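Asker: return a 3D structure for these sequence lines:
(one chain, ligands or ions: 2)
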Amino acid sequence: MQTNVIDIRTEYETALNEASRLIKNGAVVGIPTETVYGLAANALDEEAVKKIYIAKGRPSDNPLIVHISDISELSPLVREIPEKVKIMAEKFWPGPLTMIMKKSDLIPLKTSGGLDTVAIRMPSNEYARAIIRKCGVPLAAPSANLSGSPSPTNAKYVYDDMNGRIPLIIDGGASKIGVESTVITFVTEIPTVLRPGGVTLEEIRDTIGETRLADAVLHELKEGETAASPGMKYKHYAPHADITILKGSLEKFIEYTKGKDFFALVFEGEEKYFKNAVTYGKPLDGVSEANRLFDALRELDERNAKTVYARCPELDGVGLAVYNRLIRSAGFNIIEL
Ligand code: AMP
Ligand code: MG
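Answerer: Ligands and ions are numbered 1, 2, ... in the order given. Below is the predicted model of the structure:
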């Protein structure tokens, strides 16, 4: 299959028409969103959704997020809209927030990974919403990487992974946020964050009060434990290199790595201390780290890195999302210095 790329910034009408024509015909199209690029198909069409799993090589029990362009599209997709979801939608939609509710019969089990719940998000990226609107159906869209690889934050990285696997990629420039959405479930008695992202735990607690953080966000699942969010159990976001996170000060990091042959994955300003270094954002600045992390992981592959030692982000604000992705890309290899 040939994979075409259309830049929606310069060819707006053509991009919208082509993307919607293909999606309405049951194909999968790579689209920009503010979090990362997505692989979009008609969420209500089981056959179309199957093609997403095939293109990604994704295990079929890992459910997809359903994207809408307007709040009016929500109610047909769910059994009921909990009061707290309305409050959250008012405050954070459109934006990097995915909310899980009981699904209606409109959502095929293929889309929900066999679960009776569905994850829904309204992206703030104008191009993404325009594409959804033009298609006239909600779009299932996981990150546009091969399963296990770092999520793509620009059209080139989508092309690297998806060339020959999907007919079209819409280029809308770099993703603004750089990590996937915050996922929160309202099916549990107390709302629970299953995956941290651009909307922070602090902001959520300020808005709806008591909110839990799922264990799997910060720790590896133990044998036999089941993940509330199926995506959490898979090795994820990983480049080819072996990554080890070194928790502690920069001084200790330098001391520990002295004499070793490695790539340093460090914060801006720290690269001068190392022969081979890739940076991912500013120290103590989760937003800039999120913006750079996946690009930095792909850069390590491009530079053929084999062994990587990484600096550890702070765990507050968006830093929690960065840490959650980094520990998975490192296969939970963490050394306390
Ligand atoms: P991605 O599509 O790659 O951004 O990943 C979507 C994430 O949302 C995965 O980690 C899923 O496990 C999670 N997710 C989607 N739908 C549900 C659901 N109904 N229940 C729990 N987690 C979900
Ligand atoms: Mg993903």
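Asker: would Gly30 count as being in a strand?
Answerer: Yes: counting by DSSP: H, G, I helix; E, B strand; the rest coil, Gly30 is part of a strand.
Asker: ok, it touching Leu39?
Answerer: Yes: counting by C-beta atoms under 8 Å, Gly30 does reach Leu39; the two are 5.9 Å apart. (C-beta placed from N, C-alpha, C; glycine too.)
Asker: overlap of the contact sets of those two?
Answerer: Ala144, Met162, Ile166 (C-beta atoms under 8 Å, 6 or more residues apart in numbering).
Asker: can I get these in a markdown table including pLDDT?
Answerer: Converted to a markdown table, those look like this (pLDDT from 0 to 100):
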| residue | pLDDT |
| --- | --- |
| Ala144 | 97 |
| Met162 | 98 |
| Ile166 | 98 |
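Asker: quick one: name the residues of the stretch 1-150 of the chain near ligand 1.
Answerer: Neighbours of ligand 1 within the stretch 1-150 of the chain, by C-beta under 6 Å from any ligand atom: Asn62, Pro63, Leu64, Ile65, Ile100, Ser112, Leu115, Thr117, Val118, Ala119, Pro142, Ser143.
Asker: rerun at 5 Å
Answerer: Contact residues (C-beta under 5 Å from any ligand atom) of the stretch 1-150 of the chain with ligand 1: Pro63, Ile65, Ile100, Leu115, Thr117, Ala119, Pro142, Ser143.
Asker: and the helices in the stretch 101-250 of the chain?
Answerer: All helices of the stretch 101-250 of the chain, identified by DSSP state H, counting those that start in this stretch, fall at 126-135, 155-162, 201-208, 250-257.
Asker: tabulate those in CSV, adding columns for mean neighbour count.
Answerer: Converted to CSV, the helices of the stretch 101-250 of the chain look like this (neighbours: other C-beta atoms under 10 Å):
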stretch, mean neighbour count
helix 126-135, 21
helix 155-162, 22
helix 201-208, 16
helix 250-257, 15
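Asker: could you say what helices and strands the longest helix seen in the chain packs with?
Answerer: The residue-count maximum for a helix in the chain (DSSP state H) belongs to helix 286-302. Helices and strands touching helix 286-302, by 3 or more C-beta pairs under 8 Å, 6 or more residues apart in numbering; DSSP states H and E, are helix 155-162, strand 263-266, strand 277-279, helix 319-329.
Asker: between those, which one is nearest to Glu202?
Answerer: Nearest to Glu202 among the helices and strands packed on helix 286-302 is helix 319-329 (9.2 Å), distances taken as C-beta to C-beta.
Asker: pull the residues that contact that closest one.
Answerer: So helix 319-329 is contacted by 150, 179, 182, 195-198, 200-201, 217-218, 220, 235-239, 243, 245, 280-281, 284, 286, 289-290, 293-294, 297, 310, 312-313, 315, 334 (C-beta under 8 Å, 6+ apart).
Asker: which among those count as buried?
Answerer: Neighbour-count burial (16 or more other C-beta atoms under 10 Å) applied to the contacts of helix 319-329 gives 150, 179, 182, 195-198, 200-201, 217, 236-239, 243, 245, 280-281, 286, 289-290, 293-294, 297, 310, 312-313, 334.
Asker: quick check: the gap between Lys134 and ligand 1.
Answerer: 22 Å (C-beta to the nearest ligand atom, to the nearest Å).
Asker: make that Arg212, sorry
Answerer: To ligand 1, Arg212 is 14 Å away according to C-beta to the nearest ligand atom.
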